[in-house]
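Visitor: here's a sequence, model it:
(one chain, ligands or ions: 2)
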Amino acid sequence: MADILIIDGDSAFTSQLANDLLRHNLPAAQCNSLARAMALLHIGDYKAVLLGDDLPDGDSLEYLSTIQEIPSFPEVIVISHSRDPDVAERAIQNGAWNYITKPPNMQQLLVLITRVINYHAERSSSAFPVSLRREGIIGNSRQLVACLDNVAQAAATEESVLIIGETGTGKELFARAIHKNSARVKKPFVVIDCAALPDALAENLLFGHERGAYTSADSHSTGLIRQADGGTLFLDEVGELPISLQKVFLRVLEGRSFRPVGGVNEITSDFRLLAATNRDLEAMVAEGEFRQDLFYRLLGTRIQLPPLRAILEDINELTCNFIRRHCQRFKMESKGFSPDFLDALMNYEWPGNIRELMNTIEQSLSRAGNENILYPRHLPKTIRSKVARRALEKKLLPEAQLETETMDITDFPELKSYRARKTAEIEKRYLKKLMEITGGNIKLACQMSGLSRARLYALIKQYCISRNS
Ligand SMILES: Nc1ncnc2c1ncn2[C@@H]1O[C@H](COP(=O)(O)OP(=O)(O)OP(=O)(O)O)[C@@H](O)[C@H]1O
Ligand SMILES: [Mg+2]
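Guide: Numbering: from 1, shown residues only. Ligands and ions are numbered 1, 2, ... in the order given. This next block holds a predicted model:
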């Protein structure tokens, strides 16, 4: 059964489009009225609807939300004659995945359809239990859903969890989600920011002190570790823990007991341990900067959060949510965004990840003022200029390569050898970029590329690619 339904009043257009899609192995059903479309949608299991215009029985855009509520929850791509920005705005505001004009650019349409179908498949196959509370975690990409699976599994156990990810990828958000989904939810979630533990006061903050432990200690204080009793202790930025404190922590983690400053007796604290870092702890262990025994204590389950540039398909949903949240908070009417605003977001590298996206959306909203739709001109200039540069670089690259290519007529290659050489070049460039983006993290690289571990290692070896490219 087809995954795609084409709806348009012009039967020549629907037949042509269905044929074009079939040539790309994408069978599509077609119809030329809204009444017929509704009937088909109710009996079919469509993932993508290509919604045109010129329909004899109504305005197609008015049916956008009805279509999205059909039980197969299809995503709608609007294909319209109209180049009027108001029409595009209305479509996006009513929930269209994208708005493109006729005649559709086939390459662009294929990319959009593939994205919609993948998104749909991931959303319906997400294996994490329905009962998992997401606690504000947004995203349905394969990588993010895999991390939510890990949250569900970790929440059901008492194991230590190490959450690894670049800045702004949601390490604290995920740590809180584990706690909130665990049996310890009614007890405290205590955060220790290891990057901000002053050496001199650390033991006091962690273990507390007895009255009279030192001159100014005129009352007893409960340290952070005891406060986490029954709950969860979250060691944030654990890679920043000074070596001297690593030893102290190791002792606490081994016995779940400690002695307050000035105290005589050992006190116990029953906490569940979570930790987060953006550093490569294994490399730190190898360099002697992090204790191996402490590393193994932290490492029960490992959750590797993807950088935003690896989960671009989540940008649409994240953006919609951030706009909605911000507008609700400031009691503003919600705003939509144009397809090229989304394109710009998808073409930026996001070094600050989801936090940077959230800040960018907030800045764009305040620049937009009373306008109802966000356009690229509302983005901060720094981001727009980087997007423009990248677009240009992308455009120049293939041309530059073609120009330097010598295709001498006297030594014209056979197609087979030419193809093999080009494939090798492309694979090598891809793998180099993959190692660069993932910082040589093999697990993440496998997730992003869809390659098995063994295949990835084999290719890296074949092309002599360094993991630190
Ligand atoms: N998947 C997500 N869905 C929604 N919001 C997210 C998501 N990931 C992160 N955020 C938001 O982005 C911001 C940064 O997240 P968080 O503080 O958890 O990141 P972090 O990895 O701990 O960053 P840092 O390393 O800089 O401390 C927070 O406001 C958080 O709510
Ligand atoms: Mg953090």
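Visitor: let me see the contact set for residue 239.
Guide: 194, 277, 278, 279, 281, 284, 290 (CB atoms under 8 Å, 6 or more residues apart in numbering). (C-beta placed from N, C-alpha, C; glycine too.)
Visitor: return the closest of those residues with respect to residue 74.
Guide: Distance to residue 74, by CB to CB, is smallest for residue 278 among the contacts of residue 239, at 38.4 Å.
Visitor: got the contact list for the closest one?
Guide: 164, 165, 166, 167, 171, 237, 239.
Visitor: let's go with 6 Å and repeat that
Guide: 166, 167 (CB atoms under 6 Å, 6 or more residues apart in numbering).
Visitor: tell me the spacing between residue 228 and residue 240.
Guide: To residue 240, residue 228 is 19 Å away according to CB to CB, to the nearest Å.
Visitor: my error: substitute residue 279 in the last question.
Guide: Counting by CB to CB, the gap from residue 279 to residue 240 is 8 Å.
Visitor: of residue 228 and residue 240, give the one with the bigger neighbour count.
Guide: Using other CB atoms under 10 Å as the criterion, residue 228 and residue 240 rank with residue 228 on top: 23 against 16.
Visitor: residue 73: neighbouring residues, count only.
Guide: For residue 73, the count of nearby residues is 13 (other CB under 10 Å).
Visitor: wait, I meant residue 297
Guide: Residue 297: 18 surrounding residues under other CB under 10 Å.
Visitor: go on, residue 268?
Guide: 12.
Visitor: for it, give me phi and psi.
Guide: Torsion angles at residue 268 (phi, psi; degrees, to the nearest 10) stand at phi -100, psi 160.
Visitor: does it touch residue 257 like I think?
Guide: Yes. Counting by CB atoms under 6 Å, residue 257 is a contact partner of residue 268 at 4.5 Å.
Visitor: any idea which helix or strand carries the one residue in the chain that gets nearest to ligand 2?
Guide: Residue of the chain nearest ligand 2, by CB to the ion: residue 172 (4.2 Å). Here residue 172, judged by DSSP states H and E, is contained in helix 171-180.
Visitor: helix or strand right after that helix?
Guide: Next along the chain after helix 171-180, taking DSSP H and E as the criterion, comes strand 189-193.
Visitor: just checking, what packs against the next helix or strand after that following strand?
Guide: Going down the chain from strand 189-193, the next helix or strand is helix 202-207, by DSSP H and E. Contact here means 3 or more CB pairs under 6 Å, 6 or more residues apart in numbering; DSSP states H and E; on that basis helix 202-207 packs against helix 224-227.
Visitor: which of the three states applies to the nearest residue to residue 459 once chain neighbours are set aside?
Guide: Setting aside the residues directly before and after it, residue 459 is nearest to residue 431 in space (CB to CB, 6 or more residues apart in numbering), at 5.7 Å. Following DSSP: H, G, I helix; E, B strand; the rest coil, residue 431 is assigned to helix.
Visitor: what's the neighbour count on residue 182?
Guide: Counted with other CB under 10 Å, residue 182 comes out at 20.
Visitor: renumber starting at 59 from here on
Guide: Let's use 59 as the start, then, which means that last one is residue 240.
Visitor: you'd agree it is up against residue 213?
Guide: Yes. Using CB under 6 Å, residue 240 is in contact with residue 213, at 4.5 Å.
Visitor: and the nearest residue to residue 349 once chain neighbours are set aside, what element?
Guide: Spatial nearest neighbour of residue 349, excluding adjacent residues (CB to CB, 6+ apart): residue 304 at 4.7 Å. For residue 304, the element it lies in under DSSP H and E is helix 301-313.
Visitor: got a ChimeraX select line for the buried ones in the contacts of residue 297?
Guide: In ChimeraX, this line selects whichever of the contacts of residue 297 come out buried by 16 or more other CB atoms under 10 Å:
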select :252,335,336,339,342,348
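Visitor: circling back: pull the number of nearby residues for the residue nearest to residue 349.
Guide: The burial count for residue 304: 17, using other CB under 10 Å.
Visitor: ligand 2 contacts on this protein?
Guide: 229, 230 (CB under 5 Å from the ion).
Visitor: tell me the contacts of the closest residue to ligand 1 within the stretch 109-258 of the chain?
Guide: Using CB to the nearest ligand atom, the closest approach of the stretch 109-258 of the chain to ligand 1 is made by residue 228 at 2.7 Å. Contacts here follow CB under 6 Å, 6+ apart; on that basis residue 228 touches 363, 412.
Visitor: neighbours around residue 313, how many?
Guide: Neighbour tally, residue 313, other CB under 10 Å: 10.
Visitor: what's the answer for residue 72, then?
Guide: 21.
Visitor: on the three-state scheme, the nearest residue to it once chain neighbours are set aside is what?
Guide: Distances taken as CB to CB, 6+ apart place residue 88 nearest to residue 72, at 3.9 Å, with adjacent residues excluded. For residue 88, the assignment made with three-state DSSP gives strand.
Visitor: what's across from residue 88 in the sheet?
Guide: residue 64 (DSSP bridges).
Visitor: against residue 109, how distant is it?
Guide: Taking CB to CB, one finds residue 88 at 12 Å from residue 109.
Visitor: do residue 293 as well
Guide: Separation of residue 293 from residue 109 (CB to CB): 50 Å.
Visitor: same check, this time on residue 371
Guide: Applying CB to CB to residue 371 and residue 109 gives a distance of 21 Å.
Visitor: ditto for residue 441
Guide: 31 Å.
Visitor: what does residue 321 give?
Guide: 70 Å.
Visitor: so the two - more neighbours on which side?
Guide: residue 109 (26 against 15).
Visitor: what sits against that one?
Guide: Residue 109 neighbours (CB under 6 Å, 6+ apart): 65, 118, 134, 136.
Visitor: which parts of the stretch 309-458 of the chain are strands?
Guide: 315-316, 325-326, 330-335, 359-362, 394-395, 431-432 (DSSP state E, counting those that start in this stretch).
Visitor: out of those strands, deepest packed?
Guide: For the strands of the stretch 309-458 of the chain, average neighbour numbers computed from mean count of other CB atoms under 10 Å are highest in strand 330-335, which has a mean of 26.
Visitor: quickly run through the sheet partners of it, with directions.
Guide: Assessed with DSSP bridges, strand 330-335 is paired to strand 219-222 (parallel), strand 290-294 (parallel).
Visitor: what's the first one in contact with?
Guide: So the one you mean is strand 219-222. 212, 229, 232-233, 332-335, 356-357, 359-362.
Visitor: the longest one too?
Guide: The contact list for strand 290-294 (CB under 6 Å, 6+ apart) reads 233, 237, 242, 247-252, 329-334.
Visitor: tell me how far it lies from the chain's centre.
Guide: 23 Å (CA atoms, centre = their mean, to the nearest Å).
Visitor: just the angle between it and strand 247-251, please?
Guide: Going by axes from the mean of the first three to the mean of the last three CA atoms, to 10 degrees, strand 290-294 is angled at 20 degrees with respect to strand 247-251.
Visitor: pLDDT on strand 290-294, on average?
Guide: Strand 290-294 shows a mean pLDDT of 97.
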